[in-house]
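[1] one predicted model, sequence on top.
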2 protein chains.
Amino acid sequence: MESKTNFRRKGRATIIDVGRVAGVSDATVSRALNKPDTVSEATRQRIDAAIIETGYVPNPVAKAMVSGRTYTVGALVPTLDHAIFSKFLNALEAELSTNGYGLVVAVTKGDPLREVEKAKKLLSMGVEGLIVSGLSHNEELVAQARRSTIPLVATSYFQPDSHIPAVGYDNETAAVLAAEHLIALGHEKIAVVHGPIRDNDRTRSRVRALKALPQPVTFFYHESSLDYAGGREAVENLPPEVTAILCLSDVLAMGALFKLQDLGVKVPDQLSVMGFDNMAASEFTSPTLTTIKLPITEMGTRTARAICEHLNTGTPIESEELQSTVVVRQSTASPSR
Amino acid sequence: MESKTNFRRKGRATIIDVGRVAGVSDATVSRALNKPDTVSEATRQRIDAAIIETGYVPNPVAKAMVSGRTYTVGALVPTLDHAIFSKFLNALEAELSTNGYGLVVAVTKGDPLREVEKAKKLLSMGVEGLIVSGLSHNEELVAQARRSTIPLVATSYFQPDSHIPAVGYDNETAAVLAAEHLIALGHEKIAVVHGPIRDNDRTRSRVRALKALPQPVTFFYHESSLDYAGGREAVENLPPEVTAILCLSDVLAMGALFKLQDLGVKVPDQLSVMGFDNMAASEFTSPTLTTIKLPITEMGTRTARAICEHLNTGTPIESEELQSTVVVRQSTASPSR
DNA sequence: CTGTTAGCGCGTTCAG
DNA sequence: CTGAACGCGCTAACAG
């Protein structure tokens, strides 16, 4: 090897080079770039010329070095390949962007260890803020963030007593909302289909809330994989006395719906199906899907706004509770018996 | 204001501080951190102690400054809120991550101006590589990248004569593949439903390929919005003589399928429906959806690998063509008439 | 094994 | 209006 200096960054021009060909000092070039009106028209033009001649392009790292700012925030999500997170990130990015911040994403695959690892990576990349999904009280992660003095905000999960600020909805309330809709319709035996409980605090608290509900109704819990196949499979194992299926995710609900169509079971005439999320598709299935609308987009926007404001002005980040609502569509009705 | 120095980065400890309390020089601290075995056991321990005492955490920007590396790459996508892009990014991130790189994403909303703007932003954040979706030959973007000497790679769209390296599939071939499947089944009047042509070179070339096909079959083109509603709407405006619908996106196909279910039209008995993408759901709808499987995940992996390799070793990035395949499922059959 | 000396590229005083 | 000098935090030489 020629030298340890990596092969990239071969002689990129610096302001010094520009200054040299323009016949001025680097300081003047810097000024011409940042406060053009403090430089004489003449030299400014020579500098402009020199810039294109040298092909100068500012070094962002050096800039960050002196300003102490990188204008990037990092987000940790379980996966990108799921509508709910990508929708969230989409809104997040939009708002960050309008505030001049960039978004770095890292995928945890729901693994706490990986989460810490990725968080470190993000911090070592210089993010000024960290967004995590759920209240994964991972000690080390929180410690890391605190030591780096960078703000940490949790999403998807609002809880008043959280020790880190959270922008999200109350999963328990949302679950109860869903159950109440079905109960109001007269259902008393309801199958509850949910994804893996482990490592998913959101699912966990939804189930917990349901279990805490007063007695008139009976829930039959079924855990399956969090995908369409899981929804289909749940239908195959349905307790016969059930008159409604509450899926704790639209993906599950759609999987269930599809399976029921295969079986020729009429929804909602013979069985009601309810989802959770309000994914784009749920408005268009046949029948259209009654579901819980989670404030995902708003969550992205609000999270970004809170972080940016904090970064810009020092305003502390405060937890915000966003509301979920029931969206009544065609897939639920009163039980027929 | 107290001082121009922003309120953040208040006295974060530096290696100098650590050195001071440990009674050594900053260089030694640096060594203890990076090449522990070149430092005596004793001082290393004092340094470790000093580190936790001072709460020192390394400044990534300074590190990047001297190494000249940021280990981040940027990706420009039209939106995050669409399965195909998030699936791509998911794979991309995974592979980048295993190679020690981070991913910065920026959303263009399909707007070329915004794309340039975002590209600039990414460059000004210090990304070492740029990934764009489609062969958006935006002059300025390409020029920007070239000047910054950072590699640019296009995805989703393979074309041998591209002037920037592309990792993707051939949209024309894929479209022909789809048509051939339907033709082989005996369809001669086929509705082609696609999203907006404008600003989407992928859709454009799919349509172009279809139009170039020899005559035995007749295509009826219908442009609609690229969402479930668009698919439903397309069905409402279906030419009566058509025996199959080829949707240039699974979202459209599912929208169409749902509408047909509403109308009580049997698929594939009365009408065949074919999609394009192979989204997760298409394997589970009722009937399951025949579609074109696009190599999205592989595209993410390969793109990441190519970029990392280039960044690490200087290997030039070469275009790669990935193959699409027909996935035959239940939604297509020979026409009944 | 450890300290000293140089920068990395840029912004920002402070003098001219 | 412009230049010289310094510092951001860290790593890489080179001495000792």
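    The structure has been received and is ready for your questions. Numbering: from 1, shown residues only, chains lettered A, B, ... in the order given.

[2] switch to C-alpha atoms for all contacts and neighbour counts from now on
    Will do.

[3] what's the burial count for whatever residue of chain A ends up closest to chain B?
    For chain A and chain B, the shortest gap (CA to the nearest CA) falls at A:V104, measuring 4.2 Å. Residues within reach of A:V104, counting by other CA atoms under 10 Å in any protein chain shown, total 23.

[4] so it sits in a strand?
    Yes: counting by DSSP: H, G, I helix; E, B strand; the rest coil, A:V104 is located in a strand.

[5] hmm, who's touching the helix or strand bottoming out on mean pLDDT in chain A?
    Ranked by mean pLDDT, DSSP states H and E, the weakest helix or strand in chain A is helix A:139-148, scoring a mean of 84. For helix A:139-148, contacts defined as CA atoms under 8 Å, 6 or more residues apart in numbering or on different chains pick out A:E115, A:V116, A:A119, A:K120, A:L123, A:L130, A:P151, A:L152, B:G55, B:Y56, B:V57.

[6] and those residues, which are buried?
    Using 16 or more other CA atoms under 10 Å in any protein chain shown as the burial test, those include A:E115, A:V116, A:A119, A:K120, A:L123, A:L130, A:P151, A:L152, B:G55, B:Y56, B:V57 as buried.

[7] what sits against the nearest residue to A:I47 once chain neighbours are set aside?
    Distances taken as CA to CA, 6 or more residues apart in numbering or on different chains place A:A22 nearest to A:I47, at 5.3 Å, with adjacent residues excluded. For A:A22, the contact set (CA under 8 Å, 6+ apart) comprises A:T43, A:R46, A:I47, A:A49, A:A50.

[8] what is the neighbour count of the fourth one?
    When you say that, I think you mean A:A49. If you count neighbours by other CA under 10 Å, A:A49 ends up with 15.

[9] mind listing what it touches?
    A:A22.

[10] what's the distance between it and B:P112?
    Look at A:A49 and B:P112: by CA to CA, to the nearest Å, they are 28 Å apart.

[11] likewise the third one?
    Going from A:I47 to B:P112 by CA to CA gives 30 Å.

[12] please enumerate the helices of chain A.
    A:15-22, A:26-34, A:41-54, A:60-67, A:83-98, A:112-123, A:139-148, A:171-184, A:201-211, A:228-236, A:250-263, A:296-313 (DSSP state H).

[13] select, out of the ones you listed, the one closest to DNA strand D.
    Closest of the helices of chain A to DNA strand D is helix A:60-67, at 3.9 Å (criterion: CA to the nearest atom of the strand).

[14] so what does that closest one touch, helix or strand wise?
    Packing partners of helix A:60-67 (3 or more CA pairs under 8 Å, 6 or more residues apart in numbering or on different chains; DSSP states H and E): helix B:60-67.

[15] mind listing what's buried along the helix it packs on?
    Buried residues in helix B:60-67, counted by 16+ other CA under 10 Å: B:P60, B:V61, B:A62, B:K63, B:A64, B:M65.

[16] which ones among those residues also lie next to DNA strand D?
    The residues of those that also fall near DNA strand D, by CA under 7 Å from any atom of the strand, are B:P60, B:A62, B:K63, B:M65.
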